[in-house]
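Colleague: Need coordinates for the following:
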Amino acid sequence: MTYQHLEIKPVAGRIGAKILGIDLSANLSDEIISEIRQALIQYKVIFFRNQNLDANGQVAFARRFGEITTAHPTVPSLAGHPEVLDLNYGKTASRANNWHTDVTFVDRPPLGSILRALVIPPYGGDTIWANSVTAYQDLPDDLRHLANELWAVHSNAYDYAEAAVNLPEDVKAYRAIFTSTVYETLHPVVRVHPESGERGLFIGGFVRQIRGLSPTESADIIRLLQSYVTRPENTVRWRWQVGDVAFWDNRATQHYAVADYGNQPRHVQRVTIVGDTPVGVNGQQSQAVKGDSSAYNQRVAVAV
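Modeller: Numbers count the residues shown, from 1 in each chain. This next block holds a predicted model:
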């Protein structure tokens with residue numbers, strides 16, 4: 001793929017690229033936006049260093065790629081910005097140190113997520129992304145055929161045994177908010193990307209059980225498939241700097257925010273773009289089982 005308006009430098013072999021010389025606060029041309037979207041689909045996650053965006057600028061940039069969701073189905077938004085999720089770790093947010101794809105517990109998970117770095121610890125606090133398309137391609141034929149047939153229930157409800165463990169009070173409080181409305185959705189384990197046509201493993205931390213299998217059988221199969229997603233050669237690790245912006249294709253990736261920075265502050269803000277309903281290899285669409293997420297995906301009014 002050739003780019004006429006962008007200077008792109010891949011960061012890792014299978015996923016991730018830096019886009020150089022672009023000011024996201026500027027009024028970018030439609031041609032540049034089109035190429036950024038192409039780069040997103042090709043590289044799955046793209047990075048912009050040294051940006052000078054505020055929350056309004058972040059939202060304005062995100063809107064160039066589609067309608068914007070509300071900040072989150074259950075977690076409150078940044079004050080005055082209904083579309084911005086404020087992740088101030090150690091103050092208002094629980095650390096998301098597990099592999100996941102954003103908000104897959106609803107029937108229309110986000111197309112993509114745009115994350116802006118406000119405060120970054122001097123060491124630690126990296127984020128790792130994994131390419132779920134190349135993970136699928138790596139599967140042996142028999143395992144790929146099995147995955148094609150599987151459907152899994154995703155939910156924001158925590159596993160009972162995990163929830164019963166003694167947790168800090170702030171974590172308990174955040175989890176209470178996170179699960180204040182319980183959502184469950186049946187998604188294909190293999191999703192067909194709506195723009196590229198690529199097939200990818202659509203699993204991650206919100207998967208609770210595979211349809212038709214016991215919890216033990218489900219856990220074994222998901223663990224096996226997930227091991228292909230998180231192989232080191234299938235990932236990219238980003239060392240954040242203040243002002244960085246990361247934009248990832250939520251339909252073809254998982255990510256992991258590494259919680260290795262102790263009590264140091266880490267403050268980022270996320271905006272998500274409305275996605276479509278996932279489709280499996282047989283053409284069937286995902287189905288909501290519990291919870292109405294229509295308010296999450298409704299159009300957020302533009303401030304005047």
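Colleague: Every contact and neighbour count from this point should use C-alpha atoms.
Modeller: Fine.
Colleague: Contacts for the helix or strand hosting residue 223 next, please.
Modeller: Using DSSP states H and E, residue 223 falls within helix 215-229. Around helix 215-229, the neighbours that count as contacts under CA atoms under 8 Å, 6 or more residues apart in numbering are 130-132, 134-136, 138-139, 201, 203-204, 209-210, 254.
Colleague: Keep only those of these that are in helices.
Modeller: Those of the contacts of helix 215-229 mapping onto helices are 132, 134-136, 138, per DSSP state H.
Colleague: most neighbours, which of these?
Modeller: Within these, neighbour counts (other CA atoms under 10 Å) peak at residue 132, which reaches 32 neighbours.
Colleague: Who are the contact partners of it?
Modeller: 200-202, 229, 252-254.
Colleague: One more: residue 7?
Modeller: Residue 7 touches 19-21, counting by CA under 8 Å, 6+ apart.
Colleague: how about the nearest residue to residue 255, chain neighbours excluded?
Modeller: Excluding the flanking residues, the one nearest residue 255 by CA to CA, 6 or more residues apart in numbering is residue 129, at 4.2 Å.
Colleague: mind checking how far the one you found is from residue 139?
Modeller: From residue 129 across to residue 139, the span is 19 Å (CA to CA, to the nearest Å).
Colleague: Comparing these two, which residue is more hemmed in?
Modeller: Neighbours per residue (other CA under 10 Å) separate residue 129 from residue 139, with residue 129 holding more: 25 against 15.
Colleague: what's the closest of the contacts of helix 215-229 to residue 42?
Modeller: residue 131 (10.6 Å; CA to CA).
Colleague: Touching, that closest one and residue 253? I think so.
Modeller: Yes - if you go by CA atoms under 8 Å, residue 131 and residue 253 touch, sitting 4.9 Å apart.
Colleague: which neighbours do the two share?
Modeller: residue 44.
Colleague: Tell me which residue lies nearest the centroid of this protein.
Modeller: Residue closest to the mean C-alpha point of the chain, counted by CA atoms, centre = their mean, is residue 102 at 3.5 Å.
Colleague: Just confirm that residue is within a strand.
Modeller: No - assignment of residue 102 by DSSP: H, G, I helix; E, B strand; the rest coil gives coil, placing it outside any strand.
Colleague: Just grab the bridge partners of residue 270 for me.
Modeller: Beta-bridge pairing of residue 270 under DSSP bridges involves residue 85, residue 115.
Colleague: can you pull the pLDDT of it?
Modeller: On pLDDT, residue 270 comes in at 98.
Colleague: What is the burial count for it?
Modeller: When neighbours are counted by other CA under 10 Å, residue 270 comes out with 24.
Colleague: how near is it to residue 297?
Modeller: With CA to CA as the criterion, residue 270 and residue 297 are 15 Å apart.
Colleague: residue ranges with poor pLDDT in the stretch 151-300 of the chain?
Modeller: Counting by pLDDT under 70, the stretch 151-300 of the chain has low-confidence residues at 159-167, 299-300.
Colleague: and with 50 instead?
Modeller: Within the stretch 151-300 of the chain, no range satisfies pLDDT under 50.
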